[in-house]
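Undergrad: sharing a model that was predicted from the sequence below.
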Amino acid sequence: MIPIPGILIAALTFPGVIVHEAAHFLFCTWRKVAVLDVCFFRLGNPAGYVIHEPIEKFSSAFLVAVGPFIINSLLCLVFCFPAFFPMKIFGQNTFLSYFWMWLGISIGMHAFPSTVDAKGLWDQAKGAAKKGNVLAWVSFPLVVLIFIANLLSIVWFDAIYGIAIGWGLPELLIDLLFPLA
């Protein structure tokens, strides 16, 4: 496998970085968490970030941390499905179809929260779980999966996820809805 620098990956999939950070920002705004600094995209490490005030309420911390997973996964499907449908059903492999597929998969590739987000959520979940917060207990396996996904990114797990959501899920849906296609 050929190693590719993270900066190059971020540059090629910049819409995903922007949407990822916008999702953090959006959930901060919705949950009334003050944002201290934001960078939606840059050629550096990290490629983007949202710095916010400490979050007291666990449900808010959970949503801010996993917001990109929710938003990026949904947008990946929203952009890819309409592009994949004419490709699969009518054989319409146009530049526009490929553009929307690239856009959707780029967004899907950046769905997973960072290890920094996962660690923060883990630390907050420990305190909330001691107080009997059910969401905190549910979040433990999710945080473990986030850590694993981030570790597996060295073998392109993030790209595999984006392709699975953007290409595989539409393929499955079309096969279920149109079995003769």
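TA: Yep, that arrived. On a predicted model such as this, the values are computed, not experimentally measured, just so you know. Numbers count the residues shown, from 1 in each chain.
Undergrad: the nearest residue to residue 45 once chain neighbours are set aside: neighbouring residues, count only.
TA: In space, and not counting its chain neighbours, residue 45 is closest to residue 6: 6.5 Å by C-beta to C-beta, 6 or more residues apart in numbering. Where you see a C-beta, it was placed from the backbone N, CA and C, and this is true even at glycine. Applying other C-beta atoms under 10 Å, we find 13 residues neighbouring residue 6.
Undergrad: residue closest to the middle of this structure?
TA: residue 111 (0.9 Å; C-alpha atoms, centre = their mean).
Undergrad: surely that residue touches residue 74?
TA: No - applying C-beta atoms under 8 Å, one finds residue 111 not in contact with residue 74, separated by 9.2 Å.
Undergrad: what's the longest helix in this protein?
TA: As assigned by DSSP state H, the longest helix anywhere in the chain is helix 58-90.
Undergrad: in that one, what counts as buried?
TA: In terms of neighbour count (16 or more other C-beta atoms under 10 Å), helix 58-90 has its buried residues at 58, 60-69, 71-73, 75-77, 79-81, 83-85, 87-88.
Undergrad: send me stretch 42-50 as PDB with only the CA atoms.
TA: Coordinates of each C-alpha in stretch 42-50 appear next as PDB, following Å, rounded to 0.1, in the frame of the first residue of the first chain:
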ATOM      1  CA  ARG A  42      -6.500  24.700   6.000                       C
ATOM      2  CA  LEU A  43      -3.600  22.800   4.600                       C
ATOM      3  CA  GLY A  44      -2.100  21.700   7.900                       C
ATOM      4  CA  ASN A  45      -2.600  19.400  10.800                       C
ATOM      5  CA  PRO A  46      -5.400  19.400  11.800                       C
ATOM      6  CA  ALA A  47      -7.100  20.300   8.500                       C
ATOM      7  CA  GLY A  48      -9.900  22.000  10.400                       C
ATOM      8  CA  TYR A  49     -11.000  22.600  14.000                       C
ATOM      9  CA  VAL A  50     -13.700  24.000  16.300                       C
END
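Undergrad: residues contacting it, please?
TA: 6-7, 10-11, 14, 17-18, 20-21, 24-25, 28, 35, 37-41, 114 (C-beta atoms under 8 Å, 6 or more residues apart in numbering).
Undergrad: repeat for stretch 71-87
TA: By C-beta under 8 Å, 6+ apart, stretch 71-87 touches 16, 19-20, 22-23, 26, 92-94, 96-101, 103-105, 107-108, 110-111, 162, 165-167, 169-171, 173-174.
Undergrad: rewinding a little: roughly how far does the residue nearest to residue 45 sit from residue 109?
TA: 12 Å (C-beta to C-beta, to the nearest Å).
Undergrad: got it, and residue 33?
TA: In terms of C-beta to C-beta, residue 33 sits 26 Å off from residue 109.
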